[in-house]
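Q: coords please:
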Amino acid sequence: MNGQGRRRRACRVQRVDVQCATVRQPEQTMRPIQWLIPLAAALLAAGCAGPVREAGPAPVESRVEPGQTGGGTAEVHPYRPPEQVALARPQPARAVQVLLRRAADQQRAGDHAAAAASLERAVRIEPRNAQLWNRLAHVYLQQQQFGRVEQFAAKSNALASDDRVLQADNWQLIAAARAARGDRRGAAEARRHASVQR
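A: I've put the predicted structure just below:
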C-alpha cells in the first residue's frame, strides 16, 4: 500500500448530473485490541509448548513403626466421632475484650451498674455475641432486675444455637429470675430445660 492508501471511485449525484471522482481512503491501522488477541494466542501456545513429562503413579511412602518389621499388614480402625464436640467460640473484637475486662473488674468491686453499662457498650459493638448477653443477664441478676435477666438470657439462647453449655446457664438464669418473682412452675420448667441442655 506504500503510504498512499487504497483508492476507490466515489460517485455523487447532484441534481441531474452525475459526477464521479477518485477518493483516497486513509490507510487502516490495527487497533490496540486487534494486536492483543494474536499476542495472547502466541503466549498461550508458547506456554503449552514446554517439555512433556510422563505422569506415573505418585510415589508411596512406606512407614514402619519402631519395633515392627517391614512387610506387615496395616491395621485399619473405623472412624469414631468424639463423644462431645468441643465448640470453638469466636474471639470478640479487641474493644469488646477491653470492655469485658472492665466489667469484670467493676463487678468484683461491687459496682454492678458500671459493669452493666460496660457490657451494654460491648453488646452495641457485637450484638450477635451470645456470651455478652449472658454476662449482662448475670449482672442484672445481681441487681435483682429479674425481667431483664429473663429477657437477656432468652436473647443469649436465641444466639447460642449450638452452645449447649451456654444455653444451660441461660436456663439457670431464667429459673433463678422466675423463682425470685415467685413463679415456681416457670422456674421448674426452666430448670428442666437447663438439665436437658447438659
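Q: tell me who's in contact with residue 36.
A: Residue 36 makes no contacts at all, as judged by Cβ atoms under 8 Å, 6 or more residues apart in numbering. C-betas here are computed from N, CA, C, even on glycine.
Q: state the mean pLDDT of the one helix or strand it maps to.
A: Following DSSP states H and E, one finds residue 36 within helix 32-48. Averaged over helix 32-48, pLDDT sits at 72.
Q: ok so residue 91 is a strand residue?
A: No: counting by DSSP: H, G, I helix; E, B strand; the rest coil, residue 91 falls outside a strand, being coil.
Q: how about it, what does it touch?
A: By Cβ under 8 Å, 6+ apart, the neighbours of residue 91 are residue 97.
Q: which stretches of the chain form strands?
A: In the chain, the segments counted as strands under DSSP state E are 7-14, 17-24.
Q: which residues of the protein fall in helices?
A: Assigned by DSSP state H, the helices in the chain fall at 32-48, 94-108, 112-125, 130-142, 146-159, 164-180, 184-197.
Q: please convert the ones you listed to CSV, extending it with distance to residue 77.
A: Converted to CSV, the helices of the chain look like this (distance: least, Cβ to Cβ, whole Å):
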stretch, distance to residue 77
helix 32-48, 46
helix 94-108, 41
helix 112-125, 46
helix 130-142, 37
helix 146-159, 38
helix 164-180, 28
helix 184-197, 32
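Q: which one of the ones you listed is the most hemmed in?
A: helix 130-142 (a mean of 23; mean count of other Cβ atoms under 10 Å).
Q: low-confidence regions, the chain specifically.
A: Along the chain, segments meeting pLDDT under 70 span 1-33, 35, 47-74, 81-89, 198.
Q: again, only this time at 90
A: Within the chain, the segments meeting pLDDT under 90 span 1-93, 161-163, 193-198.
Q: sorry, back to before: how about the helices of the chain, which one is nearest residue 76?
A: Among these, helix 164-180 comes nearest to residue 76, with 32.7 Å by Cβ to Cβ.
Q: tell me what angle the closest one forms with helix 130-142.
A: If you take axes from the mean of the first three to the mean of the last three Cα atoms, to 10 degrees, helix 164-180 sits at 20 degrees to helix 130-142.
Q: and residue 145, how far from residue 131?
A: 19 Å (Cβ to Cβ, to the nearest Å).
Q: can you tell me the closest non-neighbouring residue to residue 96?
A: residue 122 (4.7 Å; Cβ to Cβ, 6 or more residues apart in numbering).
Q: residue 141 touches residue 175, doesn't it?
A: No: at 10.8 Å, residue 141 does not count as touching residue 175 under the criterion of Cβ atoms under 8 Å.
Q: show me what contacts residue 183?
A: Contacts for residue 183 (Cβ under 8 Å, 6+ apart) come out as none.
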